[in-house]
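J.: This is the structure alone, sequence omitted:
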């Protein structure tokens, strides 16, 4: 349930500081976005709820493109929007976490994954956003790097924000780096310099079960999932029963809520 709170101003300078301290990560000039398969990339993100997306240029911190759906979510008009105006919608108490999550993602990409694979990873975490009417709701943030410069530094990113308050209102304040194109995923990670929330034991899903969960999150029926995975509808229904039992969930909505928070989808 959304909660209306007293107006506060988030300290968005925290996020700017993170980027400035990562001097060797972001591009020093603009790059061409014309060859990026935008529709394909948007289709690879979780969007089970009201959502919008935009393309952000890290070089000059400008919006390259904004989905018209943003006007249905926030009290914003596309013609007057800036990246700062989106940041201003973040709950002030979550701004520190957002900055820490970004800093942690950058560190892990540099130290553990390698910046040469940056376009094969999706960064995911959750925070509260102000929506129309002044209420704050829990959103899932997903970010994919679209382009890098000649030195492998990040130039443009696709950010997708999805209202997940119909699934859960509890944020686990964790970060996930979800591998694409066969890369391994790093899920439900503790964020640097942020208090650790108590975490329940996460069930270990098989790759097949994860595929089923991700297709369920896109709204596909058991018959459609079976067709996509070359399995019978009966087999998919059995998978769904086993997944719910393994996760200790009563229904798929509860399961999806848990999976979103842990970066599974």
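T.: In hand now; what should we look at? Note that the structure is predicted; figures quoted are calculated from it, not measured. Numbering: from 1, shown residues only.

J.: okay but residue 183 is in contact with residue 120, surely?
T.: Yes: between residue 183 and residue 120 there is a contact under CB atoms under 8 Å: 4.7 Å. In this view, the C-beta of every residue, glycine as well, is placed from N, C-alpha and C.

J.: Provide a list of residues in contact with residue 224.
T.: residue 215 (CB atoms under 8 Å, 6 or more residues apart in numbering).

J.: Report the buried residues of the helix or strand where it lies.
T.: Applying DSSP states H and E as the criterion places residue 224 in helix 222-229. Using 16 or more other CB atoms under 10 Å as the test for burial, helix 222-229 gives 222, 225-226.

J.: now do stretch 180-192
T.: Under the neighbour-count criterion of 16+ other CB under 10 Å, stretch 180-192 has 185-187, 189, 191 buried.

J.: Can you give the contact residues for it?
T.: Residues from elsewhere that reach stretch 180-192 (CB under 8 Å, 6+ apart): 44, 97, 100-101, 103-104, 107-108, 112-113, 117, 120-122, 125, 172-179, 196, 199, 202, 261-264.

J.: what distance separates that stretch from the centre of its chain?
T.: Averaging C-alpha positions (CA atoms, centre = their mean, to the nearest Å) puts stretch 180-192 12 Å from its chain's average.

J.: Show the model's pLDDT score for residue 79.
T.: Note on residue 79: pLDDT of 88.

J.: ok, back up a step: out of the contacts of stretch 180-192, which sit inside strands?
T.: The strands, defined by DSSP state E, take in 121-122, 125, 174-179 from the contacts of stretch 180-192.

J.: quick one: which of the buried residues of stretch 180-192 sit in strands?
T.: Filtering the buried residues of stretch 180-192 for strands - DSSP E - leaves 186-187, 189.

J.: Could you pick out the one among those residues with the lowest pLDDT?
T.: Confidence-wise, residue 187 trails the rest of those, at 85.

J.: gap between it and residue 118?
T.: Distance check for residue 187 against residue 118: by CB to CB, to the nearest Å, it reads 18 Å.

J.: for residue 66, same thing?
T.: Distance, residue 66 to residue 118, by CB to CB: 23 Å.
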